[in-house]
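[1] requesting a structural model of the entry that follows:
(one chain, ligands or ions: 2)
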Amino acid sequence: MSESEQYSRNTLMDFIEYRPLDIEICDVTLRDGEQTPGVVFTKEQKLAVASELDSMGIEVIEAGFPVVSAYEKEIVKEIANQGFNSRICCLSRAVKGDVDAALECDVDIVSIFIAMSDMHLKYKYHRSFEDMLGCAKEAIEYATDHGLKVRFAAEDASRTPIDRLKQAFKEVENEYKVQYVSLADTVGILNPATTHYLVSEIFKSVNTSICIHCHDDLGMATANTLAAAEAGAKQLHTTVNAIGERAGNASLEEVLVALRVQYGIDRYDTTRLTALSRMISEYSGITPSVNKAVVGQNAFTHESGIHVAAILEEPRTYELFLPEMVGGKRNLVVGKHTGTKALKGIINSIGFCLEREELCALIEKVKVCTEEKHKSISREQLEKLITQVRQEQETSGSREEKFSI
Ligand SMILES: CC(=O)SCCNC(=O)CCNC(=O)[C@H](O)C(C)(C)COP(=O)(O)OP(=O)(O)OC[C@H]1O[C@@H](n2cnc3c(N)ncnc32)[C@H](O)[C@@H]1OP(=O)(O)O
Ligand SMILES: O=C(O)CCC(=O)C(=O)O
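    Numbers count the residues shown, from 1 in each chain. Ligands and ions are numbered 1, 2, ... in the order given. As a prediction, this is how the structure comes out:
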């Protein structure tokens, strides 16, 4: 199947003015994702996830926060030494000890973060902006002197005065060689318009590549991430199944599929997404909601008669992209909303062939049964109903014969 037959391209994009996207993905499932309350990945699990991300073509993997524990440090080090194509990154506070831990892990990039919002300066650090920026600079200098590539990350950037962000980024950029500056929407306050504004403003004032790290407190993390990309952000942060602090982060599966459908970026192996999602569900103990985009159980499940009738002719009538594109499977369900064409197609596909009258009787039974049970019906129940219908038709047929004798 050709690429263009796998999905409908959003042709309205042709009417929108935006900067051509020049992006890479930094997946933070193994760091921010693991900060989901109650989630603890084993070394084997983290290695397996990192390997999948690498195979998928993800450019940067944030493997962890080494100072959290000795085991965490051991895992980050092992991931960094796997020889993956993905570059390996880890988190560090603006503290020498954290940078030392990163150095011990052999990572490619260390993400040194500070918050510069009034809220965090006052209640978290009890220190001034100048003090914290000083700490950040010391840590950055120490890291770069020791050969580490650095991302300078502004935590809570979306609640920080823009001029303060610009000043900090400019000073750091002028004094050190950093690879990235990062904007974190730590509490998920942004919307696509304000994300675009924030990134555009920073884009105008720095020469360093910009990263965007979005949280989903208002359900806009994916949209904000894409708005940031349109405004010039280079590195987009994601997590598998959108796991992460509170409402989670921008979802890897949503961002990758949106990049393809909206912007034609097709270099990632999206066919691995469903398997990776199942892997994270198992390892984290958190299953995405059934209606979760791309990987939810219902992402390619259809019941409505009008939809299924059309899908049997051409799935793209009611599917933006085909399940094969993300390693998923289509599932046609028989329930209250099933129509005759759909039922005929479904029963034919499982080896049954009914006359028109039998089909009408079956659909009646399906409706009554699903309304009584308040749920759709299983294949087994469907087969039982087909048997019942056939028996009833036979009985009424022989009765008619008797009557006509
Ligand atoms: C937005 C984010 O996701 S940030 C990352 C959040 N992730 C985590 O917190 C990972 C899990 N955390 C941990 O295991 C622990 O909190 C550790 C190992 C990081 C630190 O543990 P502790 O040394 O016991 O410190 P504790 O957690 O009590 O407090 C955090 C300290 O870090 C300081 N701190 C927080 N962020 C920064 C920063 N970016 N730069 C410098 N110091 C910082 C706080 O001000 C506080 O300092 P204080 O002890 O002088 O008050
Ligand atoms: O910006 C970053 O890279 C990390 C910060 C972060 O995790 C957050 O603020 O939620």
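[2] surely Ala229 meets Ile23?
    Yes - between Ala229 and Ile23 there is a contact at 5.2 Å, judged by C-beta atoms under 8 Å. No exception for glycine: its C-beta is placed from N, CA and C like everyone else's.
[3] got any residues that touch both of the two?
    236, 259 (C-beta atoms under 8 Å, 6 or more residues apart in numbering).
[4] neighbour count winner among the two?
    Per other C-beta atoms under 10 Å, whichever of Ala229 and Ile23 has more neighbours is Ala229, with 28 against 21.
[5] roughly how far out does stretch 199-206 sit from the chain middle?
    Averaging C-alpha positions (C-alpha atoms, centre = their mean, to the nearest Å) puts stretch 199-206 26 Å from its chain's average.
[6] swap that for stretch 189-199, please
    19 Å.
[7] with just CA atoms, put it into CSV.
    Below are the C-alpha coordinates for stretch 189-199, written out as CSV (Å, rounded to 0.1, in the frame of the first residue of the first chain):
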residue,chain,number,x,y,z
ILE,A,189,-1.0,26.6,31.2
LEU,A,190,-0.4,27.3,27.5
ASN,A,191,-2.7,27.1,24.5
PRO,A,192,-1.6,26.8,20.9
ALA,A,193,-1.7,30.6,20.4
THR,A,194,0.3,31.5,23.5
THR,A,195,2.8,28.7,22.8
HIS,A,196,3.3,30.1,19.3
TYR,A,197,3.8,33.6,20.7
LEU,A,198,6.3,32.4,23.4
VAL,A,199,8.4,30.3,21.0
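[8] got the contact list for that stretch?
    So stretch 189-199 is contacted by 157-159, 162, 183, 185, 210, 212, 214, 217-218, 220, 223-228, 230-233 (C-beta under 8 Å, 6+ apart).
[9] find the nearest non-adjacent residue to the residue sitting nearest the centre point of the chain, please.
    Most central in the chain under C-alpha atoms, centre = their mean is Ser251, positioned 2.1 Å from the mean C-alpha point. With sequence-adjacent residues excluded and distances taken as C-beta to C-beta, 6 or more residues apart in numbering, Ser251 is closest to Ala242, at 3.7 Å.
[10] can you give me the strands for this structure?
    Using DSSP state E, the strands assigned to the chain run over residues 24-27, 60-64, 87-93, 109-115, 149-155, 180-185, 209-214, 235-238, 301-302, 331-332.
[11] need these in JSON lines with mean neighbour count, can you?
    Formatted as JSON lines, these follow (neighbours: other C-beta atoms under 10 Å):
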{"stretch": "strand 24-27", "mean neighbour count": "24"}
{"stretch": "strand 60-64", "mean neighbour count": "28"}
{"stretch": "strand 87-93", "mean neighbour count": "25"}
{"stretch": "strand 109-115", "mean neighbour count": "25"}
{"stretch": "strand 149-155", "mean neighbour count": "24"}
{"stretch": "strand 180-185", "mean neighbour count": "25"}
{"stretch": "strand 209-214", "mean neighbour count": "26"}
{"stretch": "strand 235-238", "mean neighbour count": "28"}
{"stretch": "strand 301-302", "mean neighbour count": "20"}
{"stretch": "strand 331-332", "mean neighbour count": "16"}
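[12] out of the ones you listed, which gets nearest to Ala139?
    strand 109-115 (5.0 Å; C-beta to C-beta).
[13] partners of that closest one in the sheet?
    For strand 109-115, the paired strands and their directions (DSSP bridges) are strand 87-93 (parallel), strand 149-155 (parallel).
[14] how far away is the closest residue to ligand 1 within the stretch 251-400 of the chain from Gly38?
    Relative to ligand 1, the nearest point of the stretch 251-400 of the chain is Ser284 (16.1 Å; C-beta to the nearest ligand atom). Distance of Ser284 to Gly38, given as C-beta to C-beta, to the nearest Å: 8 Å.
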